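Engineer: okay, sequence plus prediction incoming.
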Amino acid sequence: MRILQANKFYFMKGGAERYVLDLSAWLELQGHDVIPFAMQHPDNFPSQYSEFFPSFMQTESVRFPRDFSPVGLRTFVQMFYSSEAKRKMSQLIEATGPDIAHIHNIYTQLSPSILDALHDRRIPTIMTVHDHHLISPQYNIWAEGCGPDYSRIGLMRGTLSKFHKNSYAATFAQIAAFKYHYHRGSYRNRVNLFLTPSDYMRGKLVAGGFPEEKI
């Protein structure tokens with residue numbers, strides 16, 4: 001089987017990346033072909049498919065008003081929809097013909113635009129839910145020191161709280177993109193099956209309006 005693994009980073013950055021890389025290695029040992037898809041990054045592992053990776057996006061240090069530059073505005077737009085990521089995903093599908101796609105953390109750097117490319121080509125798509133991002137703009141809401149739960153906060157009050165990267169601009173963008181994709185159903189309508197690492201996360205998705213039969 002040819003399995004496409006999509007995650008925004010293709011190097012050992014955190015827990016999600018360790019899972020993706022370990023799973024990919026295990027799948028290859030079972031005789032499957034694994035096709036990675038990620039953002040271009042100087043720390044990426046080598047890949048024969050890197051030509052299909054969309055451009056690097058800087059999101060680590062976001063501040064107002066510096067980020068209302070052409071680069072900052074481009075990042076803001078791509079959080080909602082990345083035409084480049086969708087185009088690159090379409091090209092990768094055309095070149096490799098995957099049987100199934102396994103999605104991980106694609107927020108911000110890749111955006112759910114890649115789900116449209118998979119849906120258009122009828123590629124069955126599953127997603128491992130690594131954090132709270134599908135149900136809250138504050139994706140690590142229960143991590144120690146993160147403060148109150150902002151999953152239902154309004155745009156203005158949320159922005160003033162600066163809960164994301166201690167930045168007005170980053171927090172505004174995070175909430176706006178979350179609300180757009182949640183109400184659009186970018187994930188609910190494009191992912192065939194959600195894999196949750198716990199009953200807790202399964203319950204959170206159901207409470208957040210995701211179809212129980214898809215989890």
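Structural biologist: That came through fine.
Engineer: hmm, what's the outermost residue in this protein?
Structural biologist: Residue distances from the centre of the chain (CA atoms, centre = their mean) peak at G31, which lies 27.0 Å from the mean C-alpha position.
Engineer: pull the contacting residues for D149.
Structural biologist: Listed by CB atoms under 8 Å, 6 or more residues apart in numbering, the contact set of D149 reads S136, Q138, I141. Glycine gets a C-beta too; all of them are placed from N, C-alpha and C.
Engineer: this structure: helices as residue ranges?
Structural biologist: All helices of the chain, identified by DSSP state H, fall at 15-29, 70-80, 83-96, 113-120, 155-161, 168-184, 199-207.
Engineer: who wins on neighbours among the contacts of D149?
Structural biologist: Comparing the contacts of D149 by number of neighbours (other CB atoms under 10 Å), Q138 comes first, having 26 neighbours.
Engineer: report how many residues lie close to the closest residue to it other than its chain neighbours.
Structural biologist: Distances taken as CB to CB, 6 or more residues apart in numbering put Y150 closest to Q138, at 4.3 Å, once the chain neighbours are dropped. By other CB under 10 Å, 21 other residues sit near Y150.
Engineer: what sits against the residue nearest in space to the middle of the chain?
Structural biologist: In the chain, the residue lying closest to the centroid (CA atoms, centre = their mean) is I106, at 1.8 Å. With contact taken as CB under 8 Å, 6+ apart, I106 is in contact with A6, N7, K8, P112, I114.
Engineer: many thanks, we can stop here.
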